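Chemist: Got a predicted model here, sequence first, then my questions.
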Amino acid sequence: MTEGNEKKIQDYCEYRLDEERVEETTVKLNRHILTKFAETLDKPFKKATHKDIRKFLNSYADRTKDLYIIVLRRFYRWLFKSDELPECIKGFKLQSKRSRAQQDNDITRKERIVTPEEYEKLQSVTKNPQFKAIFETLYLFGCRISELTSMKATGVDDDGEIVTIDLRDSKTKPRVTGINVRPKYLLDWYNTYQPYKGQKDKPLWVSKKGTLINKGVVNSELMRFSDKAEIGRNISPHDFRHTAITRALDKGMPTTHVEELYGFETGSAVISVYDHNDQKSAMQYLRRAQVKQRPPSYKELKKKADLIEILEQKVATLTEQVDKMTKHETDVQSKTLILKPEDHQELRLYLDTKSWFKEAIKEADKADQKK
């Protein structure tokens, strides 16, 4: 790249930031594209010909080519200080034929984000443990529907810090992706309900016949439960992907990690690449990421304390019943029958709440000491 071209790129990026007030991520993408173009050009930008630009664009797919044309048009208008396109960039037409519905969908894409409230409504009406796990996996991991349905029965791993899923069948690149939160329904399905546990060549998600579940079934069930939850629109699997990626970027995840975890091609026009992060560094980021929460309020602590008191009474009653069984029965099975599924849930809630309360008190004490 010539020094003159490097200076032009720098000036243009500063202009877009300072004068046009565009987002920094947009400027970084512009810089990435212009740098690529400059590296193929052995002359100043102003001396580039129509042939030079065509040669540069021809090495990319139509969708990527469209983005590059748009960036180059804006850049050359700025370079020549004119609203008219210079001859070198004239005549390049956008290649992707997109419907009006697709264009409108791009404009209103923010409406496609699945809110936490919508997700909770969806899960509240979904009783099937497999579909609860499927919806959770799409919502938290943001994988493509084709990647999800191709998962194997051994394709989930939990090391106590992050949970990963193995996506071997991907249209872009096979990968292992992960999250640093606990996917309850996925782990329940994986560890308890799935029919082919431990069988590496069997599917994780199955139809009623025990075969690989069809993408159409997932789509139709998602539409059915969206309607049942009265969300007001039909949620699609791609909405979950859009939501997960948006959430990751909003939390400050580097675009290189987003690219790695969500299966974008290296150098994709969707998320530009400026360093060499890989899967290992993306996983390290997940381990380092800690959400700093404010100390709980008095009302929150009081509410948890009241819940603990209620649960302690239930636990005491259950303990008394188990003691009576111990005195009169020797059969282990008859002892466990007294604990119904809802009793196990109460016990789990009690232990989880008590643990949360202890941590909350510690955080509150730390906040008081700082004051």
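Modeler: Sure, I can see it.
Chemist: Grab the most central residue of this structure for me.
Modeler: Most central residue of the chain, judged by C-alpha distance to the mean C-alpha position with C-alpha atoms, centre = their mean, is Ala244 at 2.7 Å.
Chemist: Name the residues that touch the helix or strand hosting Ile69?
Modeler: The secondary structure element spanning Ile69 is helix 62-79 (assigned by DSSP states H and E). Where contact means C-beta atoms under 8 Å, 6 or more residues apart in numbering, the residues beyond helix 62-79 that reach it are 8, 12, 15, 29-30, 33-34, 37, 45-46, 53, 56-57, 60, 83-86, 88-89, 92, 94-96, 268-269. No exception for glycine: its C-beta is placed from N, CA and C like everyone else's.
Chemist: at 7 Å what do you get?
Modeler: Helix 62-79 is contacted from outside by 8, 12, 15, 30, 33-34, 37, 45-46, 53, 57, 60, 83, 85-86, 88-89, 92, 94-96, 269, using C-beta atoms under 7 Å, 6 or more residues apart in numbering.
Chemist: where does the stretch 251-371 of the chain have low pLDDT?
Modeler: Counting by pLDDT under 70, the stretch 251-371 of the chain shows low-confidence ranges at 266-281, 284-285, 288-298, 322-371.
Chemist: So which bits of the helix or strand harbouring Lys314 are buried?
Modeler: Here Lys314 sits within helix 298-328, counting by DSSP H and E. Along helix 298-328, the positions that meet the burial threshold by neighbour count (16 or more other C-beta atoms under 10 Å) are 301, 304, 307-308, 311, 315, 318, 325.
Chemist: Which neighbouring elements make contact with that helix?
Modeler: When contacts are defined as 3 or more C-beta pairs under 7 Å, 6 or more residues apart in numbering; DSSP states H and E, helix 298-328 sits against helix 332-336, helix 341-370.
Chemist: related to what we said a few turns ago, restricted to strands, list the contacts of helix 62-79.
Modeler: When the contacts of helix 62-79 are checked against strands using DSSP state E, none is located there.
Chemist: Determine how far the last residue of stretch 82-92 lies from the first.
Modeler: For stretch 82-92, the separation between the terminal residues is 18 Å (C-alpha to C-alpha, to the nearest Å).
Chemist: picking up where we left off before, what distance separates the helix holding Ile69 from the middle of the whole chain?
Modeler: Averaging C-alpha coordinates over helix 62-79 and over its chain gives two centres that are 29 Å apart (C-alpha atoms, centre = their mean, to the nearest Å).
Chemist: What residues sit buried inside that helix?
Modeler: By 16+ other C-beta under 10 Å, the buried positions in helix 62-79 come out as 64-69, 71-72, 75-76, 78-79.
Chemist: quick one, domains of this protein?
Modeler: Per automatic domain parsing, the domain ranges recorded for the chain read 3-97, 110-288, 298-370.
Chemist: Lys8: what's it in contact with?
Modeler: Contacts of Lys8 were listed using C-beta under 7 Å, 6+ apart, and they are 45, 79.
Chemist: Now do the helix or strand where Ala244 lies: which elements does it pack against?
Modeler: Using DSSP H and E, the element containing Ala244 is helix 237-250. Helix 237-250 makes packing contacts with helix 129-141, helix 215-228, helix 255-262 when contacts are defined by 3+ C-beta pairs under 7 Å, 6+ apart.
Chemist: can you tell which of these is closest to Ile165?
Modeler: Between Ile165 and these, the tightest spacing by C-beta to C-beta is seen for helix 129-141, at 6.0 Å.
Chemist: Pull the distance from that closest one to the chain's centre.
Modeler: Here helix 129-141 shows a centroid-to-chain-centroid distance of 12 Å under the convention C-alpha atoms, centre = their mean.
Chemist: Then stretch 215-223?
Modeler: Between the centre of stretch 215-223 and the centre of its chain there are 20 Å (C-alpha atoms, centre = their mean).
Chemist: same check, this time on stretch 231-240
Modeler: Offset of stretch 231-240 from its chain centre (C-alpha atoms, centre = their mean): 15 Å.
Chemist: And that stretch, what's buried?
Modeler: Of all the residues in stretch 231-240, those buried under the rule 16+ other C-beta under 10 Å are 231, 235-237, 239-240.
Chemist: ditto for stretch 133-144
Modeler: Of the residues in stretch 133-144, those scored as buried under the neighbour-count criterion (16+ other C-beta under 10 Å) are 133-144.
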